[in-house]
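> From the sequence below, what's the structure:
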Amino acid sequence: MKSIQLLLILVALLTQAACSNRYHTRQDKAPLRAPTQLEMQDAKVTNEVKSVSAGRPYKVLGKHYSPISDEKGFVQQGTASWYGRKFHGYYTSNGETFNMFDMTAAHKTLPLPSFVKVTNLANNKSAIVRVNDRGPFHDDRAIDLSYAAAYKLGYHLQGTAQVKIEAITIDRKTPRLTYVQVAAASNEVNVQALATKLAGQFNLGAPIAFEDNLYKLRLGPILDDQKAQKVLKVLQEGEFNKAFLLYTEQEL
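Numbering: from 1, shown residues only. Take a look at the predicted model:
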């Protein structure tokens with residue numbers, strides 16, 4: 001009898017833990033009030049440091065995505081959707097807390113954070129939003145706006161709209177730096193030997209960072225994105241098929 005009671009308690013605890021990791025509702029919903037005029041003011045464009053971790057390639061629902069290194073000149077047309085109560089209060093991909101009344105957005109490949117002007121092609125209404133999240137992970141959608149931004153563009157009732165997305169950038173005082181993360185291992189001696197070899201082969205710096213109990217080898221910094229892509233291709237075609245690019249505005 002006791003064993004059955006213990007089993008039931010264990011099942012209950014596991015169920016509770018599983019539910020705690022889910023969103024509080026299955027379907028997304030609009031908030032119970034409209035956003036205020038103050039909440040719908042355009043996001044203020046600033047020159048923020050980009051997230052290194054959010055710039056790494058990632059995989060969702062079996063599909064691979066590679067964030068771009070620089071949003072300058074980025075223009076895209078496609079379908080915009082919005083997200084609200086289901087995600088309100090949860091973390092974004094940038095490590096911030098999503099607020100459906102903030103002028104923010106989610107995009108699959110733009111650097112985080114970045115700023116874009118989104119124009120509803122049906123009514124020519126526009127808004128400037130701060131991209132701080134990843135998504136929407138539907139092939140037929142280009143960007144996911146917060147409820148406040150969708151409300152300002154006038155498609156909050158329809159759910160989606162055809163939009164034009166234009167990146168807004170401020171000239172940086174320092175150039176964007178690109179690194180190629182080659183490998184990560186627990187043996188420092190082996191990683192150091194590999195760093196010496198690859199630094200000579202590519203004539204690049206080979207800094208090693210100790211993170212998450214691993215020694216991570218990176219080549220760089222590289223100022224030219226085309227050169228970075230060439231180095232990455234050579235490495236991936238060789239023995240380092242899991243190498244990927246990192247983007248930062250500070251030397252690693």
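> switch to C-alpha atoms for all contacts and neighbour counts from now on
Will do.
> What residue spans form the domains of the protein?
The record, using automatic domain parsing to delimit domains, assigns the chain the ranges 53-168, 177-248.
> Show the end-to-end separation of the first one, please.
I take that to be domain 53-168. End-to-end distance of domain 53-168 (C-alpha to C-alpha, to the nearest Å): 22 Å.
> Quick check: which ranges of this structure have low pLDDT?
1-25 (pLDDT under 70).
> hey, where'd the helices end up in it?
2-20, 147-153, 188-202, 225-237 (DSSP state H).
> Can you name every helix or strand that the last one contacts?
Taking 3 or more C-alpha pairs under 8 Å, 6 or more residues apart in numbering; DSSP states H and E as the contact definition, the neighbouring helices and strands of helix 225-237 are strand 177-185, strand 244-248.
> Turn these into CSV, including distance to residue 35 and mean neighbour count.
Formatted as CSV, the helices and strands packed on helix 225-237 follow (distance: least, C-alpha to C-alpha, whole Å; neighbours: other C-alpha atoms under 10 Å):
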stretch, distance to residue 35, mean neighbour count
strand 177-185, 38, 22
strand 244-248, 35, 23
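> would you list the ones you listed in TSV and tack on distance to residue 51?
Formatted as TSV, the helices and strands packed on helix 225-237 follow (distance: least, C-alpha to C-alpha, whole Å):
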stretch	distance to residue 51
strand 177-185	12
strand 244-248	7
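> The closest residue to residue 167 other than its chain neighbours: neighbouring residues, count only.
Leaving out its chain neighbours, the residue that sits closest to residue 167 by C-alpha to C-alpha, 6 or more residues apart in numbering is residue 116, at 4.2 Å. Residue 116 is flanked by 24 other residues according to other C-alpha atoms under 10 Å.
> Enumerate every residue touching residue 116.
128-131, 165-168 (C-alpha atoms under 8 Å, 6 or more residues apart in numbering).
> at 10 Å what do you get?
When contacts are counted by C-alpha atoms under 10 Å, 6 or more residues apart in numbering, residue 116 touches 43, 45, 71, 74-75, 104-105, 110, 127-131, 164-169.
> Now the buried members of those residues.
Buried subset of the contacts of residue 116 (neighbour count, 16 or more other C-alpha atoms under 10 Å): 43, 71, 104-105, 110, 127-131, 164-169.
> my read: residue 205 touches residue 218, true?
Yes - with contact defined as C-alpha atoms under 10 Å, residue 205 reaches residue 218; the gap is 8.0 Å.
> So which of these two has more stuff around it?
residue 218 (27 against 17).
> which residues pair with that one across the strands?
residue 181 (DSSP bridges).
> Might one say that it is in contact with residue 202?
No - using C-alpha under 10 Å, residue 218 makes no contact with residue 202, being 11.9 Å away.
> from the domains of the chain, which stretch is densest packed?
Of all those, domain 53-168 carries the top mean neighbour count, a mean of 19, counting by mean count of other C-alpha atoms under 10 Å.
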